[in-house]
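Chemist: Please find the sequence and the predicted model below.
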Amino acid sequence: MNKKFTTRHLVFMSVMIAITLILDATPLGVIPLPMVSATIIHLPTIVTGIILGPLAGAIVGAGMGVISLVHAITRPPSALAPLFWNPLVSILPRIFIGVASYYAYIGMKKALGNYSKLKQSISVGVGAFVGSMTNTILVLGMIYIVYKDAVEEIFNSIPDMAGLSALDFVVTTATGQGVLEAIVIVILTIPIVFAWQQFNRNRIS
């Protein structure tokens with residue numbers, strides 16, 4: 001775990017926040033799938049958590065949350081967007097994405113023992129999956145805790161969604177779109193982390 005940031009670390013984190021902003025502001029942040037679209041805006045936060053540790057992941061995650069908050073205010077994408085004006089929904093859950101990614105990655109790495117490329121891939125993949133699901137579960141969980149009645153009121157005002165309960169929405173979204181997004185994040189995170197590690201090895205040698 002990094003206890004002190006170097007200039008290089010600060011530059012890395014700044015670049016990750018800038019990439020998050022680009023992903024949020026352009027179609028690059030959404031990958032269309034056959035049934036749904038997968039959001040990958042939390043990818044830089046997960047990569048940062050795995051590479052630089054939990055504190056860096058928390059900082060970049062907070063940056064992602066602020067970007068999400070501004071997005072909800074300036075370019076509301078759905079009827080639920082006003083719920084993200086509350087930092088408890090838009091910012092707080094995102095702080096834990098990189099933290100969860102790091103500890104899941106380190107825990108799996110220690111559990112698998114001796115280093116190999118396959119074991120490293122599994123460790124990074126587990127870290128990425130846990131980080132992505134942390135985003136999904138905590139954001140949806142916070143929406144349910146804080147805005148359960150408001151969510152059901154919004155659904156009842158939309159003919160196609162009338163009668164849908166907040167709990168059904170949370171469970172369906174987490175187990176459907178949330179899992180698909182986590183799989184996409186795993187596929188993207190592994191080569192990015194490997195490329196960064198290879199870059200570091202070439203830089204040292």
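Modeler: Cool, the structure landed.
Chemist: Tell me, how many residues neighbour L138?
Modeler: Number of residues near L138 (other C-beta atoms under 10 Å) recorded here: 18. Where C-beta positions appear, they are placed from N, C-alpha and C, glycine not excepted.
Chemist: Verify the contact between it and P93 for me.
Modeler: Yes: at 3.4 Å, L138 and P93 qualify as touching, with contact defined as C-beta atoms under 8 Å.
Chemist: So, low pLDDT: which residues of the protein?
Modeler: 1-3, 34-36, 114, 204-205 (pLDDT under 70).
Chemist: And the helices in it, which stretches?
Modeler: According to DSSP state H, the chain carries its helices in the segments 7-25, 43-52, 54-74, 87-90, 92-112, 117-156, 166-173, 179-204.
Chemist: Show me the one of those that comes nearest L80.
Modeler: Ranking the helices of the chain by distance to L80, with C-beta to C-beta as the measure, places helix 117-156 first at 6.5 Å.
Chemist: Check the offset of that closest one from the chain's centre.
Modeler: Here helix 117-156 is found 8 Å from its chain centre; the criterion is C-alpha atoms, centre = their mean, to the nearest Å.
Chemist: Ok, stretch 57-66 next?
Modeler: Per C-alpha atoms, centre = their mean, the centroid offset for stretch 57-66 relative to its chain is 10 Å.
Chemist: Surely G53 touches Y105?
Modeler: No: assessed by C-beta under 8 Å, G53 is found out of contact with Y105, at 10.0 Å.
Chemist: contacting residues for the residue nearest in space to the middle of the chain?
Modeler: Nearest to the geometric centre of the chain sits H42, at 3.2 Å (C-alpha atoms, centre = their mean). H42 sits next to G61, M64, R94, I97, G131, S132, N135, I185 when contact means C-beta atoms under 8 Å, 6 or more residues apart in numbering.
Chemist: In contact with the residue lying closest to I183 once chain neighbours are set aside, which residues are there?
Modeler: Spatially, and ignoring its direct neighbours in sequence, I183 is nearest to F129 (7.6 Å; C-beta to C-beta, 6 or more residues apart in numbering). Taking C-beta under 8 Å, 6+ apart, we find F129 in contact with A104, A182, I183, I185, V186.
Chemist: I'd like the residues you listed written out as a markdown table, with neighbour count and distance to T74 added.
Modeler: Converted to a markdown table, those look like this (neighbours: other C-beta atoms under 10 Å; distance: C-beta to C-beta, whole Å):
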| residue | neighbour count | distance to T74 |
| --- | --- | --- |
| A104 | 23 | 33 |
| A182 | 24 | 28 |
| I183 | 16 | 30 |
| I185 | 26 | 25 |
| V186 | 20 | 31 |
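Chemist: Out of the residues you listed, give me the two with the largest separation.
Modeler: It's A104 and I183 that sit farthest apart of the contacts of F129, by C-beta to C-beta, at 15.2 Å.
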